[in-house]
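Novice: Here is a sequence with its predicted model. Questions after.
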Amino acid sequence: MLTSNFWRSKRLFLLLCMLVNLCIIAHAAPVKWANTAPAFLYGGATLAVCTNSTQASISKGLETSDPDNGQTLSWSIVANPKHGTVTGIPVSIVTTGSNISPAAYYTPETGYAGLDSLTLQVSDGTASNTMVLYINMATDQATAISYGQSVFCASGYAPVTTSGITNGEYSGGTGLVVDKGSGLIDLETSLQGTYNVRYVYKGLNCTGTATALVTISAPSKVTIDYAGSPYCPSGAAAVTQTGATGGIYNAASGLDINSETGAINLANSTAGTYVVNYTVIDNNSCLSTTSDTVVVVDLKKVTAISGNTKVCAGATQVYTNGTTGGVWASNNTSIATVNAATGSVTGVTPGYITLSYTITNGSCVSKTDITVYVESFPYVDSIKGNGSICTGSTTQLSNTTVGGSWSTGDATIATVSNTGLVTGVAAGSVTISYSYSNGACSTVVTKEVMVKALPVATISYAGSPYCISGTAMVTLTGVTGGTFSSTTGLSIDAATGTINLAGSTPGTYTVKYQFSNGTCGDATTTSVTVKALPVATVSYIGSPYCATGSAAVYQTGETGGAYSALTGLAINATTGAVNLATSQAGSYTVTYTFGAGTCVNKATTTIVVNTIPALPSITANGALGFCAGGNVVLTSSATANNQWMKNGGAINGATSKTLTVNAAGGYSVTVNNNGCSVVSDLKQVTVYELPTAAITADGSLAICEGSSVKLTSSSNIINQWLLNGAAIAGATSNVFNAGKAGSYGLIVTTTNGCVDTSDNVEVTVNALPELTLSSAAGQLITKGGSTQLTVTSNGAIASTYWTPATSLDNPLSTTPVATPLENTLYTATVTDDKGCEASDTISIQVTEEFKVSARSVITPNGDGVNDQFIIDNVLAYPDNVLSVFDRNGKKLYEKHNYDNSWGGTNNGVLLAADTYMYVFTVQGRVVKKGTVTIVH
């Protein structure tokens, strides 16, 4: 298409020509009035072509006018484009008197974006015309489509992903069902095959096409077969598979299957019927599935046989197996037989057999076996030794066959050691056995032993324990005629058993009586105690006691006695505990009586019970809570024996009826009577802390007129601000903004009424500076002109700042130079030496005449003189633009915020000596137009 730049450049050139009277009339060839030269209608035009276009028509840009009818016009290329190729030219067409456009095309260089040009000539054989056609390789947003993969199975849908321009339409070849708006492919209804999906879109500059290759394929056919099913639960089962390989095998839990090979570990699998599935994705990413049924027979796994591996000839041994339902068998019944159901093996003759246990299910067998040896019985000699003993005595038995073991038939009658020593336990007959084994078979020989009963007798001393006086007679039952004895210290008659107590030493003795019936003898014992008179002590360690609570006795020596005292003392006769609260005051003798029978003794002690004084009370002469520095007087109801306490501890020297308190704490009074004391209720005294009143300023106390300084109280409780000693109405927060001069104070009061007053702070208020603003050129200047602004103050100026600053040479000066381009109100803000700030304004009016002067000739030869195009005072024109054009209106140079740096060049190349046009704009408005001549 033709761009509007063409027409704008023509109009600009004509405008410049009229402004500076420099239009140049081109010299043409002599006119042949019989022939009209062909003319390009759009000479110098620019066509837009899409980058990477396969072929773009440029016919419109070649449109030619020639009113001569019947002539042959020939178009040719004078200069080829640098970044593309042209087809359709050279070409010749016969004129018809109307405008003619040859069919010509431009194919851009791949990937190139930017401006290209070609020079064309048209000739009618007599006259010709030449023009430059500009081609702008425009770009639109990069656009592509993708289906994520190239091969799809014939099921479901395939969505497209489109990047870039999204206003196009999708299409495919015959057999492909694709939605033209969304690009979604219906894979199931489309025919299998390979398709090139086209996406045609239209951008801002170009119409383009994006493609994607899609193949629709059917899934592969696969089969699997487990030919040996059903399987016994041992070994492995392999699969026969056809079709696509590399798939995955799976089955329900219980079947141990290799997911890659399909091999089944039958030994590790659980019996049952399983469906094995095989799933594979073929080379076209299509999913194929097949299955087969596998049966694993339920066959119990036989465990090991339990039982002795040897059995004696003629004896029976039962063998077991943890797995039920099997059958027992012997491989040689002449050596040993077995019950097929119970596993009971009977030895026949010495030798070896194989004993087996088998479980079957159809053709599947589970079997285990062990080797059993049948052995004969060994020879054992007879038992030698005495066959009669007394209860409690022993006899030694023996056997010449070495290596056997001894045992008793009844350990309650007699026991036997591993050496054959027999010990009588109770009267009766017992069988003693001697057993010998050769490892599998044992032979036992026996001997009867008679155990005779011992004679019986008992002795006792019924009066024990005895005191040391008189004698003690024995009581004897059973066999008489025996002998009595004891240890040293007990005087006893050996024949009668009578004890001389007076001649014995106190202590406990064992009396022994030995006796016999003529065959067997025995002995019996009893215990006798001879005691001295018992000894004990009692005392009441806490005496004297107050008449409250109870008092326990401290007792040593003989226990179990009884306590007694005179009437008035409430005493427990068994424990000796005294109930002090119910006892009468006084001194008592307590008697403790102890011992038994003839051995009785007494012990005594004294206990004193005192009365308890009345419970005192405390009264206060004022409030128990007061501010620091105050006090309260406490008074006890007791007239004497007072002891004042603080927080549970006695106050040294505080024994009077009253106590003056100035410290916080819990106060009580104790009244004592002979060690019996009572304590009053607690009086809690609270001393309230005085507040601290202090003032903090957040800045200088010297402030400017109209401002304030924030004063902050040290307390967040009740505040009252003061000015010159008087309360400021309503000023009760912890912050006060002081804007007046004077002496400020603060009173802080706590919720308990405690008060503190702060030190005063002095606030000084300084007056604001008074400003005067003036303009050296007055308040009306011409556009492009300048004036010096001045600000003065009635005091010292510490700093100055002018606004707006954009048209001032130094906005921080008291005398800046202003060059405004429009009416401007300037504000000067001044801070004096006390930090006080004031502002004032001055208005500068600007007339429309703009005074800008520029050089008209430059000599860019590098001698440092007149090498650049100079606009006087150019820095006074912010936001300016300088543009330079040639005679044809083509822009050769442009710079924003021009700084007098142009040296007659175009893209770094020195321009030819000639006269050029320039336009100088400031803030978007043209303020200067003219020419500049380059001289070499």
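Specialist: Received the coordinates, thanks.
Novice: nearest spatial neighbour of residue 170, skipping sequence neighbours?
Specialist: Excluding its sequence neighbours, the residue lying closest to residue 170 (C-beta to C-beta, 6 or more residues apart in numbering) is residue 183, at 4.1 Å. No exception for glycine: its C-beta is placed from N, CA and C like everyone else's.
Novice: what does the model give the one you found for pLDDT?
Specialist: pLDDT recorded at residue 183 is 91.
Novice: looking at the protein, which helix or strand is least sure?
Specialist: helix 4-20 (a mean of 37; mean pLDDT, DSSP states H and E).
Novice: Quick check: what element follows it along the chain?
Specialist: Toward the C-terminus, helix 4-20 is succeeded by strand 39-40 as the next helix or strand (DSSP states H and E).
Novice: Which other helices and strands does that next one contact?
Specialist: For strand 39-40, the packing partners by 3 or more C-beta pairs under 8 Å, 6 or more residues apart in numbering; DSSP states H and E come out as strand 64-65, strand 128-138.
Novice: residues in contact with it?
Specialist: 62-66, 120, 122, 129, 131 (C-beta atoms under 8 Å, 6 or more residues apart in numbering).
Novice: repeat that with 7 Å
Specialist: Strand 39-40 is contacted by residues 64-65, 122, 129, 131 when judged by C-beta atoms under 7 Å, 6 or more residues apart in numbering.
Novice: Check the burial of residue 181 by counting its neighbours.
Specialist: By other C-beta atoms under 10 Å, 9 other residues sit near residue 181.
Novice: what about it, which SS state?
Specialist: Following DSSP: H, G, I helix; E, B strand; the rest coil, the label given to residue 181 is coil.
Novice: excluding its backbone neighbours, what's nearest it?
Specialist: Of all residues not flanking residue 181 in the chain, residue 169 sits nearest, at 7.0 Å (C-beta to C-beta, 6+ apart).
Novice: Isn't that neighbour up against residue 178?
Specialist: No. Contact criterion C-beta atoms under 7 Å: residue 169 and residue 178 do not qualify, at 10.0 Å.
Novice: In terms of neighbours, single out the busier of the two.
Specialist: Comparing residue 169 with residue 178 by other C-beta under 10 Å, the one with more neighbours is residue 178, at 21 against 13.
Novice: So what does the more buried one have for phi and psi?
Specialist: The phi/psi pair for residue 178 (degrees, to the nearest 10) reads phi -130, psi 140.
Novice: Quick check: the gap between it and residue 190.
Specialist: As judged by C-beta to C-beta, to the nearest Å, residue 178 and residue 190 stand 8 Å apart.
Novice: hang on, the earlier thing: to residue 720, which of the helices and strands packed on strand 39-40 lies closest?
Specialist: Shortest distance between residue 720 and those, using C-beta to C-beta, is found for strand 128-138: 80.4 Å.
Novice: hang on, residue 904 packs against residue 859?
Specialist: No. Between residue 904 and residue 859 there is no contact, the gap being 8.8 Å when judged by C-beta under 7 Å.
Novice: more crowded one of these two?
Specialist: A side-by-side neighbour count of residue 904 and residue 859, using other C-beta under 10 Å, places residue 904 first with 26 against 15.
Novice: Let me see the contact set for that one.
Specialist: Going by C-beta under 7 Å, 6+ apart, residue 904 touches 858, 860, 910-911, 934.
Novice: Now residue 62: phi and psi?
Specialist: phi -100, psi 10.
Novice: can you check residue 60 too?
Specialist: The phi/psi pair for residue 60 (degrees, to the nearest 10) is phi -60, psi -40.
Novice: on that earlier part again, and the contacts of residue 904, which of them are buried?
Specialist: With neighbours counted by 16 or more other C-beta atoms under 10 Å, the contacts of residue 904 contain buried members at 858, 860, 911, 934.
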